[in-house]
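S.K.: I need the structure of the sequence given here:
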Amino acid sequence: MNYNLLIILGFGFFLFNNFLFFVSNADPGQSCPKTSPFVGFKSEFSMAQHQVRGFLTITDDCSFTVSQFDMLSGSDVHFWGSIAPDFDNLTNGFIISDYKLNETYKNASFSVKLSRNATWDRIQVLSIWDLLTESDFGHVILSNGSDLAPAPSGNDSGGEEGKSGPFRVPTMFDNCKVLSNDYRIRWSLDEDFIDIGLEAAISIQNYMAFGWANPNANSEVMIGGDVAVAGFTEEGMPFVDDFYITRYSECTIDKDGSAHGVCPDTIYEGSDPVGLVNNTKLSYGHRRDGVSFIRYRRPLVSVDTKYDLPVNYTENMTVIWALGLMRPPDTIRPYYLPQNHGGRMSVTYGHLVLNVSDQVNECLGPLDATDKEDQDLIIADANKPLVVTTGPAVHYPNPPNPSKVLYINKKEAPVLKVERGVPVKFSVQAGHDVALYITSDLIGGNATLRNKTETIYAGGSEAEGVLASPMELIWEPDRNTPDQVYYHSLFQKKMGWRVQVVDGGLSDMYNNSVLLDDQQVTFFWTLSKDSISIAARGEKKSGYIAIGFGTEMVNSYAYVGWIDDIGKGHVNSFWIDGRDASSVHPTNENLTDIRCKSENGIITFEFTRPLKPCSHNDRVECKKYHRSYNSSQGHMGTGY
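M.R.: Now for the predicted structure:
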C-alpha cells in the first residue's frame with residue numbers, strides 16, 4: 001500500500017510540476033506589468049515597401065497589438081528591433097518576437113508578445129523586417145511622448161510627428177473608396193481643406209486623375225469638370241496639377257493662344273504667379289511595389305471661381321476619375337499632359353456620387369501590382385562602356401540602404417541587362433572606397449564576411465577607380481551564368497542591384513551603333529545593297545521615342561516609335577517644318593519589318609527602308625536627309 005501511495009504521490013508531483021511549467025509559459029500578456037513609459041504608445045506604420053499600413057499599440061511591458069494591418073507577403077518576415085534608425089543599426093538589429101508574418105494581410109488585427117530578451121528600452125525602431133533581403137517593409141519610431149526620435153533615413157519623406165499621441169504618416173487617411181480594381185481614393189477632412197490620396201497599381205508613365213463634375217452638367221459629366229492630375233516625372237519625382245476640362249480631347253493650344261481639352265488651369269490663364277488658379281498642393285508621393293501614391297491638399301472652396309468647383313462636404317456630389325498614359329514635356333508642349341484614357345468605363349475612367357463627410361472604408365487589403373519592378377533598365381551592348389559612379393540614394397529598391405549607392409550611366413541602381421557571350425565593359429569611377437564585383441548574393445558587401453556562401457563572377461577588391469583614373473573591368477557572361485546575378489560594392493552592402501542575363505539582343509543583329517543624347521539613346525543600323533535596317537532604344541521611360549535627321553528641328557525628318565492606349569507599338573516617319581503641333585506632318589514612306597515594344601517603360605523600335613525611297617524628289621520622304629546614312633554626315637536629334 002505504501003508503495004502504491006508513493007507511485008500515486010510521485011505521479012501527482014509530476015502533474016503538479018507540469019502544471020507549474022504550463023503556467024510559467026502562459027501568455028505573459030495576461031499578467032505582464034505596465035511599468036514602461038512606452039505603455040499606451042500608439043502610432044501608424046510608415047510604409048517602406050510591400051504596401052504596409054496599420055496601427056501599432058504598446059499594451060504592456062512585454063506585448064503590443066497591431067490593427068487594421070495591410071501587407072503584401074514576403075519571404076521570411078519578422079518583427080525587428082534596433083537601437084537607432086540609421087542604416088548600420090537597422091541592418092544589425094534583432095528579432096523581437098517569435099511571431100512570423102509570411103502571408104498577405106488584409107485589414108488584420110492581432111496581438112504579439114515580445115521575446116524574453118526583448119524589452120522596450122532596447123527598441124527605438126520597431127520594423128517589419130525580411131531576413132532574406134535585409135529589407136524594411138515598414139516601421140514605427142517609438143516615443144514616450146517627451147522625446148521624439150528622428151525618422152529613419154529613407155527614399156522619401158513626409159508626415160508629421162506630434163508630441164502627444166500618434167503621428168500621422170502620409171499614407172494614412174480616415175476614409176478610402178475603391179474606384180476600380182487598380183485605383184483607390186483616400187481622403188481626410190481638415191476644416192476648410194480636404195487631403196486626398198490617389199493610389200493606383202499602374203505604370204510609372206501613367207497619370208491618376210480625380211475631381212468633381214460640374215453640377216450643372218447633363219449626360220456629359222466630365223465637361224466642365226475640375227480635376228487634379230497626378231503622376232511622376234521622368235526623374236521619378238511626384239507632381240500634381242489643377243486641370244479643367246472643356247472638351248473630350250487632349251490639351252491643344254490654337255495659334256491665337258486659346259487652349260482646349262483637358263488642360264492645366266494655368267494654361268487657360270497663361271500664368272499663375274501667385275497660385276490663384278493652381279490650387280492643388282502636393283504633400284507627398286512615392287512609388288512602391290508598382291503602385292503610385294500621391295497625396296495632395298486642396299481647399300473645399302477655392303479663390304478660383306473660374307476653373308475650380310466648390311466642394312460642399314455635407315452633400316452628395318458627382319466625382320469623376322480616369323487613368324491613362326501621361327505625355328511628357330517636349331519642345332512643342334512643355335508640360336505634362338494626360339492622354340486619352342481609352343479602355344472601358346469603370347476600368348480606366350468613371351464617375352460616382354460621393355459625400356466626403358461619410359465614413360467609408362472599402363479598401364480591405366493592399367493593392368497588388370502585376371509588375372512591381374520600377375528601376376531604370378540599362379541594356380549593355382558590346383564595346384560600349386558602362387560608366388559606374390556613386391550618387392545619392394533617392395529611389396533605391398531595397399530599403400534600408402546606405403546614403404550613397406551605385407549609378408550606371410547616370411542612373412541610380414538600375415536593372416542591368418546583359419547577353420551571354422557578349423563582353424560587358426565597365427568603366428569604374430566610383431572612388432577608391434567602392435570596389436565593383438558581380439556576385440550571386442542579393443545584398444553584396446562580401447557575403448563571406450557574413451558567413452554566407454557566394455559565387456563571384458567578376459571584379460573584386462582591385463576593381464576600383466576614379467574619374468581621373470578609371471578602372472576597366474570586362475566581364476563576359478557564359479552559358480553557365482545564372483539568369484539573375486547582382487552587381488555590388490565589395491566594401492559596402494546594398495549599393496547595387498540586379499543583373500538580368502539573357503540570350504541575344506540588338507547588338508548582335510546590327511553592325512553599327514552610336515550613343516546619343518548623353519548616353520540616353522542608342523541608335524543601331526546595318527547597311528545592305530538596297531536598304532538600311534534601323535533600330536533605336538531610349539533609356540528614359542516614356543511613351544514614345546523620336547530620332548531626327550537634320551541640322552535642327554525645323555526642316556528635319558524624324559522616325560517616331562510609340563505605344564498607343566491599348567499597348568500596341570507603332571513606327572512612322574514625319575516631316576517637321578515648324579515648332580508647333582501643326583508643323584509635324586506624317587509621310588507615306590515604305591517601312592517594312594516594323595517592330596516597336598516597351599520593356600519596363602523603355603521604348604525600342606526597329607524597321608527597314610529602301611536606300612532610295614523614290615525615283616523623284618517631289619515627295620517629302622525624298623528630302624536630302626534620306627540620301628546618306630553615314631554617321632559622320634548630317635545631324636541626328638532625339639526626343640521623348
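S.K.: pLDDT weak spots in the stretch 251-400 of the chain?
M.R.: Along the stretch 251-400 of the chain, segments meeting pLDDT under 70 span 271-275.
S.K.: Which stretches in it count as helices?
M.R.: According to DSSP state H, counting those that start in this stretch, the stretch 251-400 of the chain carries its helices in the segments 265-269.
S.K.: which residues does P338 contact?
M.R.: P338 sits next to Y207, A209, V229, F243, E250, V262, A322, G324, L325, M326, R327 when contact means Cβ atoms under 8 Å, 6 or more residues apart in numbering. From N, CA and C alone the C-beta is placed, and that goes for glycine too.
S.K.: list the contacts for the second one?
M.R.: To tie it back to what came earlier, the one meant is A209. V227, A228, V229, A230, F243, I320, W321, A322, L323, P338, H341.
S.K.: ok, back up a step: can you tell me which of the contacts of P338 lies closest to P334?
M.R.: Of all these, R327 has the smallest distance to P334: 11.2 Å, by Cβ to Cβ.
S.K.: Report how many residues lie close to that closest one.
M.R.: 20 (other Cβ atoms under 10 Å).
S.K.: what do you get for N600?
M.R.: Neighbour count of N600, defined by other Cβ under 10 Å: 16.
S.K.: Nearest residue to it in space, please, no chain neighbours.
M.R.: Closest residue to N600 apart from its sequence neighbours, by Cβ to Cβ, 6 or more residues apart in numbering: L377 at 4.8 Å.
S.K.: partner residues bridging that neighbour?
M.R.: Residues in a beta bridge with L377, per DSSP bridges, are V415.
S.K.: got any ranges where the stretch 501-640 of the chain has weak pLDDT?
M.R.: For the stretch 501-640 of the chain, residues meeting the criterion pLDDT under 70 lie at 614-640.
S.K.: picking that back up, tell me the contacts of the residue nearest to N600?
M.R.: Applying Cβ under 8 Å, 6+ apart, we find L377 in contact with P414, V415, K417, E539, E599, N600, G601, I602.
S.K.: Wait, the third one touches I379, no?
M.R.: Okay, so that is K417. Yes: between K417 and I379 there is a contact at 4.7 Å, judged by Cβ atoms under 8 Å.
S.K.: Overlap in contacts, those two.
M.R.: Jointly contacting K417 and I379 under the rule Cβ under 8 Å, 6+ apart are G505.
S.K.: Counting neighbours, go ahead and name the busier of those two.
M.R.: Ranked by neighbour count (other Cβ under 10 Å), K417 and I379 place I379 first, with 22 against 18.
S.K.: so what's that one up against?
M.R.: Neighbouring residues of I379 by Cβ under 8 Å, 6+ apart: K417, G505, L506, T522, R537, I602.
S.K.: So which of these are in strands?
M.R.: Within the contacts of I379, residues falling in strands by DSSP state E are K417, T522, R537, I602.
S.K.: Give the burial count for the third one, as a bare number.
M.R.: Just to be clear, that refers to R537. For R537, the neighbour count with other Cβ under 10 Å is 23.
S.K.: now the strands for the stretch 201-350 of the chain?
M.R.: 206-212, 226-232, 238-245, 252-253, 259-260, 262-264, 281-288, 291-299, 317-327, 337-338, 349-354 (DSSP state E, counting those that start in this stretch).
S.K.: tell me the mean pLDDT over stretch 131-147?
M.R.: Averaged over stretch 131-147, pLDDT sits at 83.
S.K.: And it, what's buried?
M.R.: By 16 or more other Cβ atoms under 10 Å, the buried positions in stretch 131-147 come out as T133, E134, S135, D136, F137, G138, H139, V140, I141, L142, S143.
S.K.: isn't L276 right up against D304?
M.R.: Yes: contact criterion Cβ under 8 Å: L276 and D304 qualify, at 5.8 Å.
S.K.: I'd like the strands of the stretch 201-350 of the chain laid out as JSON lines, including distance to S583.
M.R.: Shown next, in JSON lines, are these (distance: least, Cβ to Cβ, whole Å):
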{"stretch": "strand 206-212", "distance to S583": "26"}
{"stretch": "strand 226-232", "distance to S583": "26"}
{"stretch": "strand 238-245", "distance to S583": "26"}
{"stretch": "strand 252-253", "distance to S583": "13"}
{"stretch": "strand 259-260", "distance to S583": "18"}
{"stretch": "strand 262-264", "distance to S583": "20"}
{"stretch": "strand 281-288", "distance to S583": "34"}
{"stretch": "strand 291-299", "distance to S583": "34"}
{"stretch": "strand 317-327", "distance to S583": "17"}
{"stretch": "strand 337-338", "distance to S583": "18"}
{"stretch": "strand 349-354", "distance to S583": "31"}
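S.K.: Tell me which of the ones you listed approaches A458 most closely.
M.R.: Nearest to A458 among the strands of the stretch 201-350 of the chain is strand 281-288 (30.8 Å), distances taken as Cβ to Cβ.
S.K.: Pull up the pairing partners for that closest one, direction included.
M.R.: If you go by DSSP bridges, strand 281-288 pairs up with strand 291-299 (antiparallel).
S.K.: Would you point out which residue is most central in the protein?
M.R.: Centroid check for the chain by Cα atoms, centre = their mean gives R287 as the closest residue, at 3.2 Å.
S.K.: Contact partners for the nearest residue to it once chain neighbours are set aside?
M.R.: Nearest non-adjacent residue to R287, counting by Cβ to Cβ, 6+ apart: D374, 5.2 Å away. D374 is in contact with I204, G236, R287, G290, H395, P397, counting by Cβ under 8 Å, 6+ apart.
S.K.: Y486 versus the second one, what's the distance?
M.R.: Okay, so that is G236. In this view, G236 and Y486 are 22 Å apart by Cβ to Cβ, to the nearest Å.
S.K.: same thing with the last one?
M.R.: Using Cβ to Cβ, we find P397 at a distance of 12 Å from Y486.
S.K.: and S127, how many residues sit next to it?
M.R.: When counting by other Cβ under 10 Å, one arrives at 27 neighbours for S127.
S.K.: Please consider this matter closed, and thank you.
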